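Chemist: Sequence and computational prediction follow.
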Amino acid sequence: MTDISITKSEKSPEIKTDFANGMISIAGRSIPENSIGFYQPLLAALSEYVQQPTTTTELHIHLDYFNTSSSKCLLDLLRQLPKAIENGSATKVIWKVDEGDEDMMEAGEDYAAIVKVPFEFIEI
């Protein structure tokens, strides 16, 4: 499986994967003009990864802002993670927020209530 490395821009987050070590990271601002197109390579790779995951899987998310279409794509990513758990991977989401960013903390809490994956919240 090929890892993904996308450099962040003003409108799109940095995305890095290290599937051999069960690490996925999304960081920055997510307001791409075509969210579905932007996230599609990660969605496809994650779909393949969760079929035969490593013993541990961590999805690190540290976004300072995301738009509505990115929100849907993030939910699509998160909804794939229970499959990794079913296939034996100790899986968790590490949701990082800047200190005092109540909106991003609430967004993470909303996702945690929707998907059946452990969340760890870290204020930076």
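Modeler: Perfect, thanks for sending it.
Chemist: Mind checking the pLDDT average for the longest strand along the chain?
Modeler: In the chain, assigned by DSSP state E, the strand with the most residues is strand 56-66. Per-region confidence: strand 56-66 scores 97 on mean pLDDT.
Chemist: what angle separates the next helix or strand after it from strand 56-66?
Modeler: The helix or strand immediately downstream of strand 56-66 is helix 68-78, counting by DSSP states H and E. Following axes from the mean of the first three to the mean of the last three C-alpha atoms, to 10 degrees, one obtains 170 degrees for the angle between helix 68-78 and strand 56-66.
Chemist: Helix 68-78: which residues count as buried?
Modeler: Judged by neighbour count using 16 or more other C-beta atoms under 10 Å, the buried positions of helix 68-78 are 69-71, 73-74, 76-78. The way it works is simple: take the backbone N, C-alpha and C, and place the C-beta from them, glycine included.
Chemist: could I get those as a markdown table with distance to N21?
Modeler: Below are these laid out as a markdown table (distance: C-beta to C-beta, whole Å):
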| residue | distance to N21 |
| --- | --- |
| S69 | 30 |
| S70 | 25 |
| S71 | 27 |
| C73 | 23 |
| L74 | 22 |
| D76 | 23 |
| L77 | 18 |
| L78 | 20 |
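Chemist: Can you tell me which of the residues you listed is nearest D3?
Modeler: L77 (15.6 Å; C-beta to C-beta).
Chemist: isn't that closest one right next to F38, touching?
Modeler: No. With contact defined as C-beta atoms under 8 Å, L77 does not count as touching F38 (11.8 Å).
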